[in-house]
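*Asks:* Coordinates for the following, if possible.
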Amino acid sequence: MLDYEAEAAHYDETHGGVPRAEAAAAAVLRLLPPGTGTLLDLACGTGLVTERLIRPRLRVYGADAAHAMLRVAGARLPGRAVRADARRLPLPDASVDAVCAVWLLHLVPYAEEIVAEAARVLRPGGVLVATVDKDAAHDVGSDIDALLRPHRATASASDDSARLTRHAAAHGLDPAPGTRFTGHGQGATPRGTANRLRRGHYAPWYRGDATATERLTAALAALPHQDRPRPEPRYPLAAFVRRG
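*Replies:* Numbers count the residues shown, from 1 in each chain. Model prediction:
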């Protein structure tokens, strides 16, 4: 996992910036039930997505565990950003209409605890919206993916959609129609992929030893157009409605 305290200063510019944030926010808003009045954005980071969720008659709050991220988010969400663990939110039961978790559940080994806590703070009829199958979405069928695919192991991902649907059901959340959005600025390049592979960036899904990594980086270096981005991923966004 990235060190989000250190990443805060340049996180937005290295993760798709405004175009990706706008696409994510628009997708979240499409899944909110009519009449949604309060929305909590978990792991809001710098607040770049969060501030784009704000609409008339929709009060939006952000929560994050990283101090540095919250310092940036606080400027975008004055009085509406709080430091909190997504497993222990400082909110009473049934107190919000919607919770969103964009690019969070794939990072942690305790996704079910986050789902359970979201279910606790949601009012009956409220919705949890979350990105799922994120790492799998990065396989866009490119020449890079053809090399990486034998080493991908995404079935055990903590944001696996089937697993999260089971977690949700166990905590009173029923599946609802989802959507997808484009990960602007996230198209992979051979050179960038090789660098990330060496740094262990793909540890959540990469299955390969040091010898395999050496062979893969050499194969990536032999691909044409080393700095030309391949197609951007389309991230799945799932929705789950609180029973009652």
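
*Asks:* residues making contact with the lengthiest helix in the chain?
*Replies:* Across the chain, the longest stretch assigned as helix under DSSP state H is helix 17-30. Contacts with helix 17-30, where a contact means CB atoms under 8 Å, 6 or more residues apart in numbering, come from 12, 48-49, 52-53, 55, 100, 102, 129, 179-186, 235, 237. (Each C-beta comes from the backbone N, C-alpha and C, glycine too.)

*Asks:* Report the buried members of the residues you listed.
*Replies:* Neighbour-count burial (16 or more other CB atoms under 10 Å) is assigned, among the contacts of helix 17-30, to 12, 48-49, 52-53, 100, 102, 129, 179, 181-184, 186, 235, 237.

*Asks:* Determine which two of those residues are furthest apart.
*Replies:* Pairwise distances across the buried ones among the contacts of helix 17-30 (CB to CB) peak at 22.9 Å, for the pair D12 and T179.

*Asks:* Show me where this protein has its strands.
*Replies:* 38-42, 59-64, 81-83, 96-101, 122-131, 173-182, 234-242 (DSSP state E).

*Asks:* can I get the ones you listed in CSV with mean pLDDT and distance to A194?
*Replies:* Shown next, in CSV, are the strands of the chain (pLDDT from 0 to 100; distance: least, CB to CB, whole Å):
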stretch, mean pLDDT, distance to A194
strand 38-42, 98, 32
strand 59-64, 96, 31
strand 81-83, 94, 36
strand 96-101, 98, 30
strand 122-131, 98, 26
strand 173-182, 98, 24
strand 234-242, 98, 23
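
*Asks:* of all these, which lies closest to A155?
*Replies:* Of those, nearest to A155 by CB to CB is strand 234-242, at 15.1 Å.

*Asks:* Report the contact partners of the residue nearest the centre of the chain.
*Replies:* Closest to where the C-alpha atoms of the chain average out (CA atoms, centre = their mean) is W103, at 0.9 Å. The contact partners of W103, by CB under 8 Å, 6+ apart, come to 43, 131, 134.

*Asks:* and if you look at A130?
*Replies:* Contacts of A130 by CB under 8 Å, 6+ apart are 100-102, 104-105, 115, 159, 164, 237-238, 240.

*Asks:* rerun that using 10 Å as the cut-off
*Replies:* For A130, the residues meeting the contact criterion (CB atoms under 10 Å, 6 or more residues apart in numbering) are 28, 31, 42, 99-106, 111, 114-115, 118, 159, 161, 164, 168, 178, 236-240.

*Asks:* And the buried ones among these, selectable in ChimeraX?
*Replies:* Isolation of the buried members of the contacts of A130 (16+ other CB under 10 Å) is achieved in ChimeraX through the command below:
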select :28,31,42,99,100,101,102,103,104,105,106,111,114,115,118,159,161,164,168,178,236,237,238,239,240
